[in-house]
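S.K.: I would like the atomic coordinates for the input below:
(one chain, ligands or ions: 2)
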Amino acid sequence: MAQLSDDCFAFGGALMAVEEAQALIMARVPPPEGEEQVPLSAARGRVLARDLVAATPLPPFANAAVDGWAFRHADLRPDAPTRLVEAGRVAAGQAAMRPVAAGQAIRVFTGAPMPPGADTCVMQEDVTQDGPAILVPQGLKPGANARPAGEDVALGALALRAGRMIGPAEAGLAAALGQAMLAVRRRPRVGVFSTGDELAEPGGALGPAQTYDSNRFTLLALLAGLPCEARDLGILPDDPARTAAALAEAARGHDLLLTSGGVSTGEEDHVRAAIEAGGRLVFWRLAVKPGRPAAMGVVEGTPVIGLPGNPVAAVVCFLHLARPLLMRLAGAEDQGLPRFAATADFSYRKKAGRREYVRVTLATGDGPTRARKFPREGAGLLTSLTESHGFVELPEATTAVAPGDAITVLPFAGML
Ligand code: AMP
Ligand code: MG
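M.R.: Ligands and ions are numbered 1, 2, ... in the order given. Model prediction:
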């Protein structure tokens, strides 16, 4: 029987579905190796290499959640206010030594340890003071206004799983559990090239027939929000030998290479051939709009993604190919892109068999969020990204959208 090469899957003629491309990537990209210790203050955007298990309960001791008085709930009358005698005072940071006895209350302030024996607090605003006594209103539930030890995280509980990216919430939790240093995964090094003889460096002069390179800056900014070390590798000319040489050279010092442009079928499109020359092409055309020409391959053992040149197509393919691949290389748990349900406020027709991302503006008010199609559609329009609010994702099987249809929105907030 004939042997199939990897490439035979890539050239079936048909466009590859986005999910199939993602599955191929996941099957081929290895999980990361190596970890390092970083101070918590420098851990933002890094990926936890080990589970964080609580070495102390959080909170570490039972404490008052309000400024008020602490007492035993059993002392309260169920049917009328209860008079309790103030028998001590504990502020935040002080140890509560004196137990509360029957009929007593201890003056406490938020964060102060609950006096031994006390289980409930009343807010000072809810109390009538009467000399050395207070009148506690009826109806307080047992444990009200008090925070038990370990309420947030129990001793020994799994607080954060390995693979979690450290953001503000994770940094705060790690600090609250007493961690000064975190074991994090090594960051993949990602190199970003643009390709095209027409591209000029922003800041320089624009020659005739030139346009400023924008993709590199969009991609570097997208990468800045992901767990990697991104490097700007400049602009490659439309030259097959130089493109192949640059990819091979860069592959040795990086864990992932991204290019944009030069991946279509034109005579001046050299990225696909350069991947084939230096390694192996995994796939080349994707069933997605905007996006279609997008290549993925391996050069010198390093994955290379050739994104389309048109800026909106480059963004779409980055989000659906490069981002999941990078999260995998970084060992980061991937929650996927943010998505929510909305209602279409537009009509649209599309071809079956490919996925489309339609730029929309969003209107919220009473009822569900409504998505209105951004009027200009070109895949090269940068303002269609700055002036719209998200993509509507239209699945492969969809052929039409009508006003009132339930749709899925990928909001730019938190993504772009
Ligand atoms: P290509 O796929 O190389 O034919 O490029 C498609 C379109 O995207 C052309 O109009 C290019 O000028 C444009 N383009 C390619 N790369 C970039 C870039 N880095 N920044 C802005 N536009 C680009
Ligand atoms: Mg080009």
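S.K.: Now the stretch 1-150 of the chain against ligand 2: closest residue?
M.R.: Of the stretch 1-150 of the chain, the residue with the smallest distance to ligand 2, taken as CB to the ion, is residue 15 at 20.4 Å. For glycine as for every other residue, the C-beta is placed from the backbone atoms N, C-alpha and C.
S.K.: and that residue, how many neighbours?
M.R.: By the other CB atoms under 10 Å criterion, the neighbourhood of residue 15 contains 19 residues.
S.K.: now residue 400
M.R.: Other residues within reach of residue 400 by the criterion other CB under 10 Å amount to 10.
S.K.: That one pairs with what?
M.R.: Bridge pairing for residue 400 (DSSP bridges) gives the partners residue 349.
S.K.: Next up, the contacts around the nearest residue to residue 130 once chain neighbours are set aside.
M.R.: Counting by CB to CB, 6 or more residues apart in numbering, the nearest residue to residue 130 once its immediate chain neighbours are dropped is residue 83, at 7.1 Å. Residue 83 is in contact with 130, 133-136, counting by CB atoms under 8 Å, 6 or more residues apart in numbering.
S.K.: can you pull up the bridge partners for residue 83?
M.R.: Applying DSSP bridges to residue 83 gives these bridge partners: residue 135.
S.K.: what's residue 285 in contact with, if anything?
M.R.: By CB under 8 Å, 6+ apart, the contact list for residue 285 reads 15-16, 292-294.
S.K.: again, only using 6 Å
M.R.: Neighbour list for residue 285: 15, 292 [criterion: CB atoms under 6 Å, 6 or more residues apart in numbering].
S.K.: what does this protein put close to ligand 1?
M.R.: Within the chain, the positions near ligand 1 by CB under 6 Å from any ligand atom are 194, 196, 198-199, 211, 213-216, 260-264, 266, 308-311, 380.
S.K.: Can you flag which of those residues belong to strands?
M.R.: 194, 199, 211, 260 (DSSP state E).
S.K.: Now list the buried members of those residues.
M.R.: Taking 16 or more other CB atoms under 10 Å as the criterion, what is buried in those is 194, 199, 260.
S.K.: got a markdown table for these, with pLDDT too?
M.R.: Listed next are those as a markdown table, based on pLDDT from 0 to 100:
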| residue | pLDDT |
| --- | --- |
| 194 | 98 |
| 199 | 98 |
| 260 | 98 |
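S.K.: Now render these as JSON lines, adding distance to ligand 2.
M.R.: Shown next, in JSON lines, are those (distance: CB to the ion, whole Å):
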{"residue": "194", "distance to ligand 2": "9"}
{"residue": "199", "distance to ligand 2": "8"}
{"residue": "260", "distance to ligand 2": "9"}
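S.K.: Nice, that's everything, thank you.
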